[in-house]
Structure formats: structure tokens, C-alpha cells
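Novice: Here's my sequence, what's the structure:
(3 chains)
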Amino acid sequence: MRSKRAHLQYQLFILPAFLLFTVFVIAPLVLCIFYSFTDYSVGKAVSFVGLKNFGAVIRDSMVRDSIGFTLVFAVVTTIVITILALVLAILFTKPCYTGKLQRAIFYFPSCISLMVAGYAWRNLLASDKSGLINQIIMRFGGKPIQWLSTPLGAQISVILVAIWIDLGWCATLFFTYIQSIDQDLYEVAILEGANAFQKAWYVTIPMIWPAVVVNLTLLLSQGLKVYEIPQSLTQGGPMKATYTITHAILVRGVTEWDFGTASATGVVIFLITTVLCILQMKLAEREV
Amino acid sequence: MHEKKSILTDILMLAACFLIAYPFLYIIMGSLKSRAEFAKNPFGIPKTLMFSNFVTAFEGVSFLRILMNNIIIAACSVAIVTLVSAMAAYAIVYHSTKLNRTLRIYLMLGFFIPFQATLLPLYQIYARLGLMDTLHGLILLHAGSVSLAFSMFYGGIVSLPKDLVEAGWLDGCGVGKTFLKIVFPLTKPVMITVVIFTFFAVWNDYLGPSLFLTSRDKGVLILEVTRAVTKNVIDWGRAFAVVTITLILPFLFFLFSQKYLVKGMVAGGVKG
Amino acid sequence: MMKKIARIMSLALVLQMLAFTAPASAEENKELSGNLSILAWYADEVAQGWIDHFNELYPDVKVEYQYAQAVQPYMEKLQSMLLSGQLPDIVLIVAENRVDLVDGDMLVDLTETPVAEKMSDSCYKQVLFRDKVYAATTGGSIGGLLVNMDLWEQAGLGEDPKTWDELIDAMKALSELEGITAFANPVSDAACTIESPLFGATYMETEPDYEQKIAAGEKTYADYWQPVFEMTKTDIYDAGLMPQEMIGVPWDTVVSNFALGEIGMIMGASWNFADIEAINPDLNYKVMGIPNKEGTAKYYLGDCLEPALGILKDSKNQENAMAFLESLYDEESVRSSEAQVGLIGCVDGYESLFAENPVCADALVEGMQAGHQFMPQTYWQKDVERMRSTYVENVQAMVLDEKTPEECAADFDAIFQG
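Specialist: Numbering: from 1, shown residues only, chains lettered A, B, ... in the order given. Below is the predicted model:
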């Protein structure tokens, strides 16, 4: 069928991507796994220590807490953003005059740097009356909320900023799919006496389910990488409540010059990420 | 459904839009305020416009240089990622050997591998290869993240009619020509989506440049922003001036991309 | 009052400009050329002042200034540069990296060089580490409680508090004023929390060798820190004199609010002066020290440890680096950083701009020149970064009432032994 020459050419086409990916993604990962079993540090020689680093990682409360927060953040933002984006997408379907402008404005937050988002929201969410959000709350007679000064408040603030950033593009994605749904299905639903909510539940959502699945994967893997938002919003505080896995690796590995532990942490996240993604894909498959 | 256009919806939605857009207004207004005004009136409209923040924003370094760095890194990364992912997807779709099916899964592993796990060994690899503090070093780093682009191209190409390629072969086109003249142009919607996603990811990336670009004149715009946020005294006017400038190009890019974005998402997103 | 300072500063700048046209001194007969790279966390304008003066003397040396934010991003950048073999010639030698750098034998010993000779006594005393000089410092900062004197008068207060209890009473009086927050403690920077000078006032006159006692096992960190934490927790945080929300307000906003007269006292130092001047030149405020319980000592913030630049042993431009460090002691360099960010010069024969500044004149004499400044990092011998971040975290915890002083103090020992 295909000539040997064509075969070679096809393989060559794959080569650049393969090389780049291997050198810059797989190789470091392999090295990371290797180092996680050593006590490598600046100025020291490399020596094997078996599972000691993993033991240290499990015992290290800072690392454990940061893994916990990162997981919570990733799962919560994925679910909340998806639900809100679906609602928003359905709202977008209501005919009005400035639809394109609205979608553009909602989309734009995803186009800025995450550090910048954190810096901007830092002053908006200040815990006392200096913060804009609190000023608005006080205008309506409420008491200022301690957004950034309590551990829980700070964690919620980080999640809120993430929602602000990602809501728009998810909603735009869903909206596009909704546009391509066959209108006849809605006609049938109306004939059967479905109200707005039932229309959404029984027609809209199942029809765009593939898009929702892709979205869940993207949000989840992105959520696990979170670093810039808590870094610029609260520097990981208060009391390290908003420390994420990246913080943990940077602090242990770079600031404290402890490569071995940092690599072990990296391996742990890799395993967690893999498990989560596979789980999520299995779950999504079953729904359909 | 032929519902009437509802102005009420416009009003409500635009109010929501204002809430979403406010942080941007805050930044742009902030870049025009003096330190004193920022302290007294952080959230409102500036009473006097201070354009000098834009002038001082890039003291000590050539603004054009930094902007060019950003553009070069973004443009090259986008070009490389798009091209190599499309090529790989093309080859795997039309030459489905056992090896290639395995490679497909291999190239998608990137979804599972978080950057944090790889960043420390990357220092050493970079030092070994002499890539530290170079623009091309950072470009290659971004170019390595092929997984998302690859999966989108795969989805897009797999849904093309099979006889297209057969027609190409009959016409005497080899592997390369078929790609260039027939398949690649047909992936336009997906291609544009990949370009857009990659562009924003690279333009705004902070960790990569902060860890791998050390000299100031190799830096990018986001690093200039963090320079203005020093330990004890923060000059928000200067910081926001840099941010405003950083926003201009993506904003233009974003306006341009609105049209193509949605088409691409449909074509590539589902089947991947 | 503020206008007088402005006039002094502009005079200083004019003098600086005149100095540029003055004939060069005899030292730069040597022709130096090549490169020089510096990694520090000073704002670009400040570094540029030093570099400009250095290039006046040695125009053929190309200087590159690399910046990273203090403190953690700086450590990350330094480490990445070390790991990849791309060394800067000059780096900051601060408490957080000093131990590792000296243990790894990575620094040039400056003890017998002209750089050490040019230092004033207070600088020399503070920069000495394991009996050697590794960093060049020309001065530092002075700070403590920045007190709004108008509000002080309004609250019916008179003289500076002489004992800790008098200070607490003053805070209480300030908190009674309508709409005024009494006190704000920066809880994200270990160098500036009120606990540090309080510790100094409590122990440094009577037991300056406390670190040695801990190392010898005679005492623990908890023995020293617990009473200090108990004082601040009970008297300030539990009493509500510093509202919990303050943790969630970015510190630059707090400084702004202080400048606008909404806060009675904040912890601050000379690095805030220019900022406050920009926001509200009419603010009537001054620096006060923190007294201990008995009233026998008063300590201030800051140190005589800036810029604390040292040379890496593996540097290929050591001659240039040494010349640069020497040039830091010249009047032009000292004055440039003093005028720009309040980095107070403490060099023999140098008249500081701040000696006439009513905001800190007393503090300069009582604090800096008398050696009554304390920062715990300067004295910790190992795991400095972990100690520092735990310290910061624990102060936050105490404000939020999540941990007891006993637990916080014990954490230091856990790290020291761990």
C-alpha cells in the first residue's frame, strides 16, 4: 500500500513534536522521579535515600495542606465554573441587542496575566473598609467581610478570582455548542409541556455534553497548576492557607535548597493529577 | 424560536458586564493616578490625568526591547506549536500504525504532567544545553507543550473526509505536499483556536520567564510589572501603567480572534 | 516642617550634581574594563544611582543590574542562577542566604580589604558573621513606631512612652478616637513586626549572647520568645487594638491610610518616608522606639546592614566587583540612595540628610548610632528561611487567635532541633 518512503516521511512528520515534547516535558519528569529518591541539594553530591523523601513529604504539614488546598481549589472551581458557565450560556441565548459585546466582555478576563488579576483584586478585596467590595457591602448596610485576613476568606477569594477569569470563555464555549443544537428538539419539548428549566435539563445539557467533558478536563488540569493567583493576591497567606502545590515545591526546592523533597512532592502531584484526570474521564463517559 | 429582542436582558446583562469589566477600569484609571491620588481615591475616576507614569514605567530599560521580546517569544512559540502539532496529528491520523497509535497517547500525556513537577530538573537541562537566559530557550519550553494543540488538531483532522487524501495521492502529491496543500489549510478553524489559546498562554506566562530569563533586557512585560511591586513601597501607578501596555496587544488580538474563536472550538474541541 | 525636609533634599540633589563636575579623586587611576553583574532587590533607580557613580570612576566597565523581588522570588532567582552556572558577580548577603553561602564557601572574604576599612563601627559590628566580613554595607534604615503626632495630641497624650505599659495605654487612648484605628502591625514581613524590637528591648542589653546559650543547650527559643509573644498577644491582639481585618489589607494601603491620618500608629521605617511624603506632605509624625516592660531599654526597627552586597568566589570579574563595592562608600553613592529611598548612610565623615529630619532625628541617635536595633534573622544561625516564614505565619496566627504564644515560641525550637 503505502511505500516505504511515505512511511518514513510520515514518521518524520511526527518527529519534531516528539522531540520537543520528550526533551522539555518527559525528560524533566523522569529526572524528577529520579531525584525524588535522592537527597540532592546544591553543593552536595547525589546519593540514594530510597523512600525517605516521600516519608518527609507525607509528614510535612505544609506540603500536605498545600496539596489539600490545591485539590479543593481545582475541584470546586471546576464544578462551580462549569455550572455557572452553563447558566450564563443559556442566558446568552436570550435574544437582545448587545449580545456580542456582552460575550466579548465576559471573555476578556481570561486574556490577562494571572499575576495582574491577583494584583487588581488585592485592593478590591481588602478586608476592611479600604476594599471596594466591602465599601459596596457597607453602602447596603452590611458589615465588611474579612476577605483576605482569614484563612477561609482568603481561600474563597482565590476561588472567586479564578471564577472571574474563567467564567467567560467557558460560557462562550458552551454557547457556541448550544447554537448548533437542532431546534426541533426544543419544539418537541415545548409540545410536551416542558418549562424553561426542563428544557435546559433534558435537551440543552445532554446535547452539549461532549463540550462539557472537554471543559472539565481543561479546568481540572489548569486548576491543579494554580500558583499566580494566590501568590499575587495573598502571597500564600494568611498562615499559608492559600499555599498551593507549586508554592510547596518552590519553597522546599528553591528557597530552602532541598531538591530531593521538592522532587518527591512533584512526583506526588503527578500521580494525583493522573488519577484525578482518569477518574474524571471515566465519570464523564458513564454519564453519556 | 423567534423571540423578540429584549432590552431588559440587555440592561441586566450589561450591568453584569460592568461588574466583570470593572477590574480593568480600575487598572487603567490607576495607571493615570499619582501616588497621592491613588491613596485618597483608589477606585474612582482620576481627577487629574498623570501620563508620566507611562514614561517612568520603563526607566532603565528599553520599552521597545521588552515589547519585542514578548512578541518574539509569543510569535515563535505559537508558530512552532501549531506547526509541529498539526504535522504530528496529520501523520498519526493518516498512517495509523501500532507505533503511531501509541505515540498518540504518549503525546497526550502532557495533560497529566504539571509544570511544577518538571520545573526544577528543567533548570539543569537548560544549564546543560546552554539555554538559560535566552529567548530561544523560553520559546522551546513553550513549544514543548504540544498536548492540547495536538489533541485539537487530531480532532479536527480526523473529521475530514478520507477521500481528500486519496485524491491528493492520485494527483501525485507526496506526504508533504498533501499536508501543505490539502489538509493543513482545511484545519483553519482549529488552527486559529490553537493559535489563540497558545498566544494568550504564552503572552501572559509568568513562571517561565521569571525562572528562566535572568537579565533585565531579555525580560518580558509581566516581569516589568512585578519589578514595580517592590517589597516596602509599591508604586501602583507605575505597575498599572506597565499592565495597561501589556493589555493592548492581547486586546487587539482578542478583538480579531472573536470571529474565528467559536468556529474553531466547535471543530476541534469535541472529537479530541 | 515637611517643607524644610524637601528643601534639604533638593539642596542635597544640587550638591550631588555639583559633585559630578568636581575633579575625580586619585583612586581611579587604574583602568578597569569588562563586565560586572549584580543581583539585588533594590528598585532600579536606586541601583542606577550607584552604577552611575561607579561608571563615573570606571567608564569602561559594563554593569548589568538584575532584579528580583524580595525575599522569596529573590532566593528562587539566585538559586536558579547558581544551579545553571550563570553566576552574578555581586549578590545580596542577607540573613536568609548567608548561612548557606558561607557554609558552601561561596563568598569572597572581605575582612582584610579596603571595603572593611571604610565601614563605620556600627556597620562593621552588625555585618560581622562568624568573625569575618563578607558583605559591604554603608548604612541602613531606622524605624519603629510611626506615630501620627496630631492624633497623639488629640488623644491627650504627651511624652513618648517609657515603658511597655505606657505604650499600651497610649494605644488604648488612640483607639478611643472616633473612626481611628489605633495600631497596625505588618504581619507579612518578619523584619518589621513589633515583636522584633520588643524582643531586642527585653533581652539584648542583658543577654546579647542568647543565641550562644541556646546553641549550648542552656536555654531554648521558647524561653525567650514566649514572654514576648504573650505580651503582644494579650496586650495588643486580644485587646483588639489591632483589628484582625488589618491582615487582609495590603500593606501599601495601610501606609496610605496612615498618611491620610486614619491610623494612629504603624510599624514603619525610613523606607516609608518618601512614600508618605508623596501622599501627604503635611502629615505630622515621628519615629518612636519600643520600650521593654521595665522601661530600661528602648529598641528600634531596622539595621545597619544595607545594601549588604558581597562577591561570589566563582565570579570572573572580582576586580571590578571589589572596585564597585569600594565605590559604594563614596559620598555620591551614599547620598544618592539616601535621597531616593531613605537608605541612611552611616559612614565615617558623612553627614546624613536625616540628621536634621525631625521625624527620625531622635531615633537616629537613640537607635542606629547607639546600636539599639534588632532583627532576629541577623542572629539565627541556621534554617533562617524556615524560621522566618514560621515567625511570620505565627504572628498572623496570634492575631487571628489561632495559636497560643506557647505554641508559637515552641515552633522555633522544633525547627532548630529538627
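Novice: Can you get me a residue count around residue A:194?
Specialist: Residue A:194 is flanked by 16 other residues according to other C-beta atoms under 10 Å in any protein chain shown. Backbone N, C-alpha and C define where each C-beta goes, glycine included.
Novice: Low-confidence stretches in the chain?
Specialist: Picking chain A for this. Residues of chain A that meet the criterion pLDDT under 70 lie in A:1-2, A:41-45, A:254-257, A:284-288.
Novice: not quite, I wanted chain C
Specialist: For chain C (pLDDT under 70), the answer is C:1-30, C:84.
Novice: which residue packs closest to the most centrally placed residue in it, ignoring adjacent ones?
Specialist: Nearest to the geometric centre of chain C sits residue C:302, at 3.6 Å (C-alpha atoms, centre = their mean). Once flanking residues are discounted, residue C:302 sits nearest to residue C:141: 3.8 Å by C-beta to C-beta, 6 or more residues apart in numbering or on different chains.
Novice: which ones are touching the one you found?
Specialist: Shown in contact with residue C:141 (C-beta atoms under 8 Å, 6 or more residues apart in numbering or on different chains): C:269-271, C:301-303, C:306, C:342-344.
Novice: Go again with 7 Å.
Specialist: C:269-271, C:302, C:306, C:342-344 (C-beta atoms under 7 Å, 6 or more residues apart in numbering or on different chains).
Novice: and these as TSV, adding secondary structure?
Specialist: Converted to TSV, the contacts of residue C:141 look like this (DSSP: H, G, I helix; E, B strand; the rest coil):
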residue	secondary structure
C:269	strand
C:270	helix
C:271	helix
C:302	coil
C:306	strand
C:342	coil
C:343	coil
C:344	strand
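Novice: For residue C:328, what are phi and psi?
Specialist: Phi and psi for residue C:328, reported as degrees, to the nearest 10, are phi -60, psi -20.
Novice: Chain C against chain A: which residues are in contact?
Specialist: C:72, C:75-76, C:79, C:82-83, C:100, C:104, C:188, C:243-250, C:253, C:257, C:385-386, C:393, C:396-397, C:400, C:402 (C-beta under 7 Å from any C-beta of the partner chain).
Novice: what about residue B:248, how many neighbours?
Specialist: Around residue B:248 there are 10 residues (other C-beta under 10 Å).
Novice: same question for stretch B:63-82, mean pLDDT?
Specialist: Stretch B:63-82 shows a mean pLDDT of 91.
Novice: List of residues touching that stretch?
Specialist: Here stretch B:63-82 makes contact (C-beta under 7 Å, 6+ apart) with B:135, B:138-139, B:142-143, B:145-146, B:149, B:191, B:194-195, B:198-199, B:202-203, B:217-221, B:224.
Novice: mind running it again at 8 Å?
Specialist: Here stretch B:63-82 has contacts from A:20, B:57-58, B:135-136, B:138-140, B:142-143, B:145-146, B:149, B:191, B:194-195, B:198-199, B:202-203, B:217-221, B:224, B:245-246, B:249, using C-beta under 8 Å, 6+ apart.
Novice: Ok, stretch C:236-243 next?
Specialist: By C-beta under 8 Å, 6+ apart, the list of residues contacting stretch C:236-243 reads A:128, C:168, C:171-172, C:175, C:181-185, C:194, C:235, C:398-399, C:401.
Novice: repeat for stretch B:199-209
Specialist: A:110-116, A:227-228, A:246, B:70, B:73-74, B:77-78, B:115, B:119, B:138, B:141-142, B:219-220, B:222-223, B:226, B:249-250, B:253.
Novice: What about these, which are in helices?
Specialist: A:114-116, A:228, A:246, B:70, B:73-74, B:77-78, B:115, B:119, B:138, B:141-142, B:222-223, B:226, B:249-250, B:253 (DSSP state H).
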